[in-house]
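Sequence unavailable; structure follows:
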């Protein structure tokens, strides 16, 4: 059996019971070095297959081969493995490699949910997830999605909002949103949520300091009803109170 | 402390470690009867405040009052409490009641993530969450969001897709999507995920049988690249394989 396991945002507390059980049970763990470190205290006696950044295809093939040989193996992702994680790639490759193995995707808490909980309750109405990384999706397609989401007043969660290789994507995305959203729209930043050095920041589109945002930050841009009370970011569901 | 706890889709396995710990720790649990039943084996010796459907405001006020009195209390939601759950309402009410209590939102696995994992990996590219319940949001606003999401080729997760009170919202939403999406677009249905009688169905917009959909179903409509392989619904992330 090949388990594709989401570890949650970072802390053991936010892993699901099933993810913990699978990690304990399997003999071989496949993963990116940073994620393997998140569970380093659970690895005694286990076989590890660790690769670096951009080693996703190599890791996935290795995990599929191990599972095809009849051994239980877990390939790990941070957050939820099915959201910008390893699940899609592994299933795509298994099919292309003609390996009809048993696969179980073990759900996890994705980064936006962890960040939202730390910020308050910003995702109480309809929302989108958009990755601002244009490695895999053309930047024009991403911009169209930002435009559509802002126009229809979705709450918008931005994954991979800013890195050294693309310092301006976040600013460009916010400028598109300003065609429809007020500059005073509430924005929440969750940086390193559930890890050491976690920081939450609540600001607005116009006051957002891009230097506060890096690749481990989730940016949540509110809808027109999102507000701040007692230091918490709240998107009303619509109850009459 | 007031804990707002997401129980995940249903099974104990998909609860986070923190949710389990909080439920064990607190003396008083506040919740809707159906969700309290999900954890009935953990309730020995505890005080319960259970209300029926539409009792959300009453439940929230009660939980806030208990926390304000200095007692630890947990109010529970299914899925993640911050996604169409109890977190927003509790935080809104606490602010309106001028109760500056300590609150911790404990993240959970939301229904779409549970359904996606059971179906394969349909959420590997940008996606939206839209609730088709027009109790809280005007139907015109919901339709505009469906239109915008379909036009920009988001994967679309529909919450509350169909009930006796609104038998036609799903059909109307799918008809809007057909302005932009092919009738052959892959659709995944996750019904009662992680509960008894769980059923996954993979179909297309044109072949979807509305009778397969009720309030405990999550409907995931793919983007133009979503496909089926080995009985799994996969949205490619964009790797060149």
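Now that the structure is in, tell me what you want to look at. Nothing here was measured: the structure is a model prediction, and the numbers come from that model.

Quickly check: the lowest-mean-pLDDT helix or strand in chain A near chain B or not.
Here the helix or strand of chain A ranked lowest by mean pLDDT, DSSP states H and E is helix A:33-38, holding a mean of 91. No - contact of helix A:33-38 with chain B is not found when judged by Cβ under 8 Å from any Cβ of the partner chain; the minimum separation is 13.5 Å. For glycine as for every other residue, the C-beta is placed from the backbone atoms N, C-alpha and C.

That helix: which residues count as buried?
Under the neighbour-count criterion of 16 or more other Cβ atoms under 10 Å in any protein chain shown, helix A:33-38 has A:35, A:36, A:38 buried.

Spatially nearest residue to the last one, not counting backbone neighbours?
Leaving out its chain neighbours, the residue that sits closest to residue A:38 by Cβ to Cβ, 6 or more residues apart in numbering or on different chains is residue A:7, at 5.6 Å.

Can you show me the helices along chain A?
With helices called from DSSP state H, chain A shows them at A:17-25, A:33-38, A:56-68, A:87-96, A:111-119, A:139-151, A:169-177.

and the nearest residue to residue A:147 once chain neighbours are set aside, what is it in contact with?
Excluding its sequence neighbours, the residue lying closest to residue A:147 (Cβ to Cβ, 6+ apart) is residue A:176, at 5.3 Å. Neighbouring residues of residue A:176 by Cβ atoms under 8 Å, 6 or more residues apart in numbering or on different chains: A:143, A:146, A:147, A:150.

And residue A:176, how far from residue A:142?
Using Cβ to Cβ, to the nearest Å, residue A:176 is found at 10 Å from residue A:142.

do the same with residue A:80
Applying Cβ to Cβ to residue A:80 and residue A:142 gives a distance of 21 Å.

Contact partners for the residue nearest to residue A:56 when sequence neighbours are not counted?
By the measure of Cβ to Cβ, 6+ apart, the closest residue to residue A:56 outside its immediate chain neighbours is residue A:89, 5.7 Å from it. Under the criterion of Cβ under 8 Å, 6+ apart, the neighbours of residue A:89 are A:56, A:57, A:60, B:124, B:237, B:239.

Pick out the residue closest to the middle of chain A.
Chain A has residue A:111 as the residue nearest its centroid, 4.2 Å off, counting by Cα atoms, centre = their mean.

I figured that residue was touching residue A:158, is that so?
No - the pair formed by residue A:111 and residue A:158 falls short of the contact definition of Cβ atoms under 8 Å, at 10.5 Å.

intersection of neighbour lists for these two?
Between them, residue A:111 and residue A:158 share these contacting residues under Cβ under 8 Å, 6+ apart: residue A:218.

now stretch A:133-145, how far from the chain's geometric center?
For stretch A:133-145, the distance between its averaged C-alpha position and the chain's averaged C-alpha position is 17 Å (Cα atoms, centre = their mean, to the nearest Å).

close to chain B, is it?
Yes - using Cβ under 8 Å from any Cβ, stretch A:133-145 reaches chain B at A:135, A:136, A:137, A:141, A:142, A:144, A:145.

Contact partners for the fourth one?
For residue A:141, the residues meeting the contact criterion (Cβ under 8 Å, 6+ apart) are residue B:153.

ok, the nearest residue to residue A:139 once chain neighbours are set aside to chain B distance?
Nearest-residue entry for residue A:139: residue A:169, 7.4 Å, with adjacent residues in sequence omitted and distances by Cβ to Cβ, 6+ apart. Applying Cβ to the nearest Cβ, to the nearest Å, the value for residue A:169 to chain B is 14 Å.

I'd like to know how many residues surround residue A:53.
As a burial measure, the neighbour count of residue A:53 was computed by other Cβ atoms under 10 Å in any protein chain shown and equals 8.

pLDDT value on it, please?
According to the model's per-residue confidence, residue A:53 sits at a pLDDT of 78.

neighbours of the residue nearest to residue A:20 when sequence neighbours are not counted, just the number please.
On the basis of Cβ to Cβ, 6+ apart, the spatially nearest residue to residue A:20 that is not a chain neighbour turns out to be residue B:17, at 6.7 Å. Summarising burial for residue B:17: neighbours were counted as other Cβ under 10 Å, giving 18.

Contact partners for residue B:17?
A:12, A:13, A:14, A:15, A:16, A:17, A:20.

The second one and residue A:194 touch, don't they?
Yes - in this structure, residue A:13 sits in contact with residue A:194. The criterion is Cβ under 8 Å, and the distance is 7.3 Å.

All set now, cheers.
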